[in-house]
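[1] Quick one: sequence and predicted model below, then my questions.
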Amino acid sequence: MKVLILSRVFMKSHVLAGELTGFPAAFRDGRKLHTIRANRKGYYKDREFVSVRTWSGLPYCSKQLQLGGVRIGLEPVRLKCCAKVIDCFVGEKPIDPQTLAKKDGLTLEAFQQWFFPGGTGSFSGNIIHFTDMRYSL
């Protein structure tokens, strides 16, 4: 079974570095509806069952704690940030960045800093859904 790790704390490059993300609790209580990953080599597949986990302490230097198992769904996502404006597309459908950030378990500001720590750039990958909710339907 494949494993999907949710961050327990914000990464070093984030403005909230070291603070708790709240992702594990949000996943358990159903507020974190998805996560976004590059998935460049197609590691995760649509309708696959994965073990969702978090690190008990430092990443790669501590035990993994299982949060639950879930059958995932994938949708392609493209993000672009320019002058603090984020454009989000799931497939070809534009999505409100505030909505995308909230369903990912973040504020819009934290979401922007997560994907664009330098303030601008682009990202392409997959939304990995933990529920049957889809943006493109």
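    Perfect, I can see it now.
[2] for the protein, what spans make up the strands?
    2-5, 34-37, 49-55, 64-71, 73-82, 85-90, 93-95, 121-129 (DSSP state E).
[3] Relative to E109, which of these is closest?
    strand 85-90 (10.5 Å; CB to CB). The C-beta positions use only the backbone N, C-alpha and C, and glycine is treated the same way.
[4] model confidence over that closest one, on average?
    Strand 85-90 carries an average pLDDT of 95.
[5] Just want the angle from that strand to strand 73-82.
    The directions of strand 85-90 and strand 73-82 differ by 160 degrees, with axes from the mean of the first three to the mean of the last three CA atoms, to 10 degrees as the criterion.
[6] Partner strands of strand 85-90, with direction?
    strand 73-82 (antiparallel), strand 93-95 (antiparallel) (DSSP bridges).
[7] that older thread, reformat the strands of the chain as CSV; add distance to F111 and mean neighbour count.
    Below are those laid out as CSV (distance: least, CB to CB, whole Å; neighbours: other CB atoms under 10 Å):
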stretch, distance to F111, mean neighbour count
strand 2-5, 18, 14
strand 34-37, 9, 20
strand 49-55, 19, 18
strand 64-71, 21, 14
strand 73-82, 9, 18
strand 85-90, 8, 17
strand 93-95, 12, 14
strand 121-129, 11, 18
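[8] can I get those strands in CSV with distance to F115?
    Shown next, in CSV, are the strands of the chain (distance: least, CB to CB, whole Å):
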stretch, distance to F115
strand 2-5, 17
strand 34-37, 8
strand 49-55, 20
strand 64-71, 22
strand 73-82, 6
strand 85-90, 8
strand 93-95, 14
strand 121-129, 5
